[in-house]
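Asker: With the sequence up front, the predicted model follows.
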Number of protein chains: 4
Amino acid sequence: MKDEDDLDELIEMQGRMCIALDLLESCKPFASMIPEVRTNLVYAKESARGPHDVLAIDGRITVVNGMPHAAGNPKFGASSHMARLLLELRKRDPSIRAGINFANTPSLVVWMNDYCRTRGWIFSVIDRGGEPEEIKDAEGASIPWKAGEAIRAAGDRVPNLFYETGAVGKEPVTVLVSRDPISVVREMIALTLAYQKKQT
Amino acid sequence: MKDEDDLDELIEMQGRMCIALDLLESCKPFASMIPEVRTNLVYAKESARGPHDVLAIDGRITVVNGMPHAAGNPKFGASSHMARLLLELRKRDPSIRAGINFANTPSLVVWMNDYCRTRGWIFSVIDRGGEPEEIKDAEGASIPWKAGEAIRAAGDRVPNLFYETGAVGKEPVTVLVSRDPISVVREMIALTLAYQKKQT
Amino acid sequence: MKDEDDLDELIEMQGRMCIALDLLESCKPFASMIPEVRTNLVYAKESARGPHDVLAIDGRITVVNGMPHAAGNPKFGASSHMARLLLELRKRDPSIRAGINFANTPSLVVWMNDYCRTRGWIFSVIDRGGEPEEIKDAEGASIPWKAGEAIRAAGDRVPNLFYETGAVGKEPVTVLVSRDPISVVREMIALTLAYQKKQT
Amino acid sequence: MKDEDDLDELIEMQGRMCIALDLLESCKPFASMIPEVRTNLVYAKESARGPHDVLAIDGRITVVNGMPHAAGNPKFGASSHMARLLLELRKRDPSIRAGINFANTPSLVVWMNDYCRTRGWIFSVIDRGGEPEEIKDAEGASIPWKAGEAIRAAGDRVPNLFYETGAVGKEPVTVLVSRDPISVVREMIALTLAYQKKQT
């Protein structure tokens, strides 16, 4: 049985994830932002060391009946890639505890550049053209390099929002990070609505 | 948008419900305690006035693949009967904020009597034979009477555990209440395991 | 591995259940016809002998987000009570292969009486006041008696629609039977819409 | 309302999809074959002209609790990419009515080459290095080209199994096609078990 301090942290984490997920699942416009690899929403414990300390959506968030839909429940260890990316970013800024990934297109990138400027957000890019050859093929080896690039290109800071340029065999995605999943989802929804308004 | 005090209470409530539900859905033996009307798990806000202030499982908890399974997510207003019963009990003891219902059989009643004595729990009964005629037929009117009976028969205290004798057209159920859904589910699982051990 | 004749029957049965369930889950008004014990939809193999030969909804059909919602998938053996009731009725008329149960109220009974007359349907009642004492307490023993009563009261025929009067501890329900689940659900939806139209 | 011929085809299609999906969801080893973009299982009507005539899994098949798990129900129009790829292949061989996509790795490709030879299957490859520039950027334009390549490289026949070499921003996947989803899933499971046996 967990001791009571741990339990308090778990209660707060599960509570914030549930509320964030409810908000996201109710936002129909977000369905069109979900990438082919599907979205995950991740949330690290204060003292997280590995993906098993990161709460994530089991089965990811997909689209059912035209709405964003979590395939399973929030579960520790349910994300590998997004969880490890978050853990790497936290080495630079531990106040960042949550993140989400979403689709990337050239026109979205142009628009996000402006959006970030207006809001005073830091926007960054991971140029996978610069990825060392020995990293590309090793499973998982690219994650520390990617986090490092996003931080370096932002001027040694963890950016609010960053994207990758495409690599062979890899769908490029955008990532938004913040202090907890409710903030992440509120910001994600605001961005989605602003982008779709501009589209019409 | 909720103000931040409200949000803190919602986070804690959703967090406790998620953790409680995970525990319950992992307890296969509980499947055999689910009544025909299905189980609900309810959790009232500190200041709850009506069922819309009570978090409950949308669609109730049923049995899928032999395991307890929440049909939908926790949602305010998702229970009527169990929510109103809890609200009535809280008029006598507001520290009671959560409850669960489960199946009732004559042999379980006998066993629970002993179980409660061993644990120092208060056990009570609602004898529906004493229910006034004018209440039986009015939708919902029997709930204050039932809560009153459970309290009265326990010596003017809210019991930990109580059951009803059957009425025409109504499946009798047992109800366990406690301060929050994690306590309720821990106690429910302990009771289930103790009862099933005795059965074999 | 099943032989191919069996496979053909399974394909047809699963196909008819899926289509029937889609229709039912899309019918919001049916949510208010779901009884406390929840609805099941059952479909017997041509040669069914026991509940394991009857396809039914695992976890039953409940209400989530205000809509009828199957808690699990169709599965052989997922119903006990409704499956055995159907099997008993089939001893008198094997062309009946599917059934559904739904809520019962005094005003619905009066209305169904007229509805059946208009449509040339056979309507019947199981008067549980006449149930022998030795049957009431034996788990499952009441099912052959109930089927027999529904048939007897309909003039030695399997009725299209029948209901029970309440017994102590048992919620009274109504049952509609037909040749397959698509017919059952089409008739169930037509009845629901006609009844709710009359209500307003 | 559909006429009865249509209904018969729908019943058979839904029935075959349900049975195929049950088999796939029960095959834990398949979880490791699900690509980042998730798996879809598609099934075209005899007379299919567009994706709305193709039954597919709404929300795709993901991994929940370590098992393959359909996020939503089978639904016409629920797939775009896989549905259109199947429709293109059917122009050459209309007996092919179903398909599935799964993960691709260099070692799997080598192994599948042998596996196909042993079984007398036709194996093919889409070399995206040869994809015309004007096609790469136009949304959806690459699908007829891809189907054409898979057929051409197989000697003007629809192959049983084919894969793509990676393109920038695109995860390479393998595709298995057959006459209906039960065949597809039986062959998919046999391939999965054979490959995993060889791995150990």
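Answerer: That came in fine, so what should we check first?
Asker: contacting residues around the helix or strand that contains A:L7?
Answerer: Using DSSP states H and E, the element containing A:L7 is helix A:4-25. The contact list for helix A:4-25, computed with Cβ atoms under 8 Å, 6 or more residues apart in numbering or on different chains, reads A:2, A:30, A:41, A:43, A:45-46, A:55, A:57, A:61, A:67-70, A:74, A:180-182, A:184-186, A:188-189, B:7, B:10-19, B:73-74, B:182. Yep, even glycine has a C-beta here, placed from its N, CA and C like the rest.
Asker: Output the contacting helices and strands for the very next helix or strand once past that helix.
Answerer: On the C-terminal side of helix A:4-25, the closest following helix or strand by DSSP H and E is strand A:41-44. Using 3 or more Cβ pairs under 8 Å, 6 or more residues apart in numbering or on different chains; DSSP states H and E as the contact test, the elements touching strand A:41-44 are helix A:4-25, strand A:54-57, helix A:81-92, strand A:98-103, helix A:181-199.
Asker: was I right about A:A98 contacting A:A44?
Answerer: Yes: the pair A:A98 and A:A44 qualifies as a contact (Cβ atoms under 8 Å) at a distance of 7.3 Å.
Asker: what touches both of the two?
Answerer: With Cβ under 8 Å, 6+ apart, A:A98 and A:A44 have common neighbours A:L86.
Asker: D:L108: which of the helices and strands packed on strand A:41-44 is closest?
Answerer: Checking these against D:L108 by Cβ to Cβ gives helix A:81-92 as the closest, at 20.0 Å.
Asker: Could you give the average pLDDT over that closest one?
Answerer: For helix A:81-92, the mean per-residue pLDDT is 97.
Asker: give me every residue that touches the residue sitting nearest the centre point of chain A.
Answerer: Centroid check for chain A by Cα atoms, centre = their mean gives A:I100 as the closest residue, at 2.4 Å. By Cβ under 8 Å, 6+ apart, the contact set of A:I100 is A:T39, A:N40, A:L41, A:V42, A:V175, A:L176, A:P181, A:V184, A:V185, A:M188.
Asker: Who does the third one form a beta bridge with?
Answerer: With DSSP bridges applied, A:L41 shows beta-bridge pairing to A:I100.
Asker: Are the helix or strand of chain A with the lowest mean pLDDT and chain D in contact anywhere?
Answerer: Within chain A, judged by mean pLDDT, DSSP states H and E, the helix or strand with the poorest mean is helix A:133-136; its value is a mean of 78. No: for a cut-off given as Cβ under 8 Å from any Cβ of the partner chain, helix A:133-136 has no contacts with chain D; the smallest distance is 11.2 Å.
Asker: cool, and stretch A:57-68?
Answerer: Yes: applying Cβ under 8 Å from any Cβ, one finds that stretch A:57-68 is in contact with chain D at A:D58, A:G59, A:R60, A:T62, A:V63, A:V64, A:N65.
Asker: end-to-end on that stretch?
Answerer: Taking Cα to Cα, to the nearest Å, the first and last residues of stretch A:57-68 lie 12 Å apart.
Asker: And it, what's buried?
Answerer: Burial within stretch A:57-68, assessed by neighbour count using 16 or more other Cβ atoms under 10 Å in any protein chain shown, is assigned to A:I57, A:D58, A:G59, A:R60, A:I61, A:T62, A:V63, A:V64, A:M67, A:P68.
Asker: Phi and psi next, for the third one.
Answerer: A:G59 adopts backbone torsions of phi 90, psi 0, taken as degrees, to the nearest 10.
Asker: if I read this right, A:K136 contacts A:G130, doesn't it?
Answerer: No: the pair A:K136 / A:G130 is not scored as a contact, 11.1 Å apart, by Cβ under 8 Å.
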